[in-house]
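[1] Next come a sequence and a model predicted from it.
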Amino acid sequence: MHRFQKQTGFNLIELVIVIVITGILAGILATFIARPVQGFIDLTRRATLVYSAESALRRMQRDIRRALPNSIRVNAGNNAIEMINTVEGARYRSAPPPGQLERRLTFTSADADFDVLGTLLTNGATSLRVAIYNIGAVDLSGDPVAGANAYAGPDALGKNVVTPAGRTVTISNAPVTANEDHINISGGGFQFSFDSPNDRVYLVDSGISYICSGNQLMRYDNYNFSNTTQPVPPSGDAALMADNIGGCTFTYEPGTVQRAGLMTLDLTISDPETGEQVRLLHQVHVDNVP
C-alpha cells in the first residue's frame, strides 16, 4: 500500500511578501552604497583635474628654473610667458693658462675661441648659442642698459649678450689643459657686452613660450628668440599642455638686489561634463644672477 506524502511550498501571498521585503532591504542597502560610490566617482574626477593642472604647472616650473637669467617676460594680458632655454652653464677663462693667451675670453674685441672650466655634456654640439651676462631690458634699478638684453639683438655698438642665430658654436675638448672644453664661434667670433663678475657663460638653444588661448594651454619651443616683442603665438613647435582651461593668470616680479624674482602661475581647469573647476596656484623663485 502506497502512502502519498503531502508536499507543501510557497503560496502566492508568501512569495509577494518575500519580494517586498527583499525590495525594501535592497533599497536600504542601495542608499548606503550609492553615496560612497558617488563619492569615489567625484574624487576620481577631481583627481584627474588636479593631475592635469599639476602636470602642466610642474613642466612650466621646470622650464622657468632652467631659463636664462633675466630672460623671463610676461605679456600685457598676463596669459603668456616667454623665456630663453638654457641647456648648460659653465665658467669661462678670464685668465689664460701659461703660454695660452688665446684660451681666455676677451671683451675688448670679437673673440672666436676661448676655454671653459670643466667638461660640458654638450661636447660636440654645433646648434647652440652662447650667452654672457644678460641683464635684460633694464637693470635691477630699472635703468636701461645698452647691449644687455638678449631679446633686443645687436645694439648700435655691435655688442650684445648672446651670439646671433647665424653663428655656429662648436664645443670640443681642450687637450692642452685637462678638464676644460673649448668653444669656437664662427664668423670671426663675437664681442660680448659685459664681463660677468662670476665668469658665467650659458649655452642656450631657443625660446620657450606658454600661452593660454581659448580653453587650451600650449607650449611652444624651437624658435628664434631674437625679437623685441613677444610673439603670440611664436612660429615654433607646439605641444598641448592642458585643455578645458577655465582661466589662467601669469604674473612675474623680476626681483631686486635683495631678493630673487617670483613667478606666480594661477591655473584653473574645468570638467566639461559637470562644470566643476579645480584651481591651482604655484609660485616659482627665479634666480636672476647673470
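    That came in fine, so what should we check first? Just so it is clear, the model here is predicted, and its values are computed rather than measured.

[2] any chance you could map the strands in the stretch 101-250 of the chain?
    113-117, 129-131, 169-173, 180-185, 200-213, 216-221, 237-243, 245-253 (DSSP state E, counting those that start in this stretch).

[3] roughly how far is the second one from the heart of the chain?
    In terms of CA atoms, centre = their mean, to the nearest Å, the gap separating the centre of strand 129-131 from the centre of its chain is 20 Å.

[4] so which of the strands of the stretch 101-250 of the chain is the most packed in?
    strand 129-131 (a mean of 24; mean count of other CB atoms under 10 Å). Backbone N, C-alpha and C define where each C-beta goes, glycine included.

[5] picking that back up, in JSON lines, list the strands of the stretch 101-250 of the chain along with mean pLDDT and distance to G147.
    Conversion of the strands of the stretch 101-250 of the chain to JSON lines gives the following (pLDDT from 0 to 100; distance: least, CB to CB, whole Å):
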{"stretch": "strand 113-117", "mean pLDDT": "91", "distance to G147": "19"}
{"stretch": "strand 129-131", "mean pLDDT": "92", "distance to G147": "13"}
{"stretch": "strand 169-173", "mean pLDDT": "88", "distance to G147": "19"}
{"stretch": "strand 180-185", "mean pLDDT": "90", "distance to G147": "17"}
{"stretch": "strand 200-213", "mean pLDDT": "92", "distance to G147": "17"}
{"stretch": "strand 216-221", "mean pLDDT": "94", "distance to G147": "26"}
{"stretch": "strand 237-243", "mean pLDDT": "92", "distance to G147": "30"}
{"stretch": "strand 245-253", "mean pLDDT": "92", "distance to G147": "23"}
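
[6] can I get these in CSV with distance to T268?
    Formatted as CSV, the strands of the stretch 101-250 of the chain follow (distance: least, CB to CB, whole Å):
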stretch, distance to T268
strand 113-117, 44
strand 129-131, 35
strand 169-173, 41
strand 180-185, 45
strand 200-213, 10
strand 216-221, 11
strand 237-243, 10
strand 245-253, 4
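
[7] closest one to I21 among those?
    Among these, the nearest to I21 by CB to CB is strand 245-253 (48.8 Å).

[8] Packing partners of the closest one?
    Other elements packing on strand 245-253 under the criterion 3 or more CB pairs under 8 Å, 6 or more residues apart in numbering; DSSP states H and E are strand 73-74, strand 80-92, strand 200-213, strand 216-221, strand 261-270, strand 277-286.
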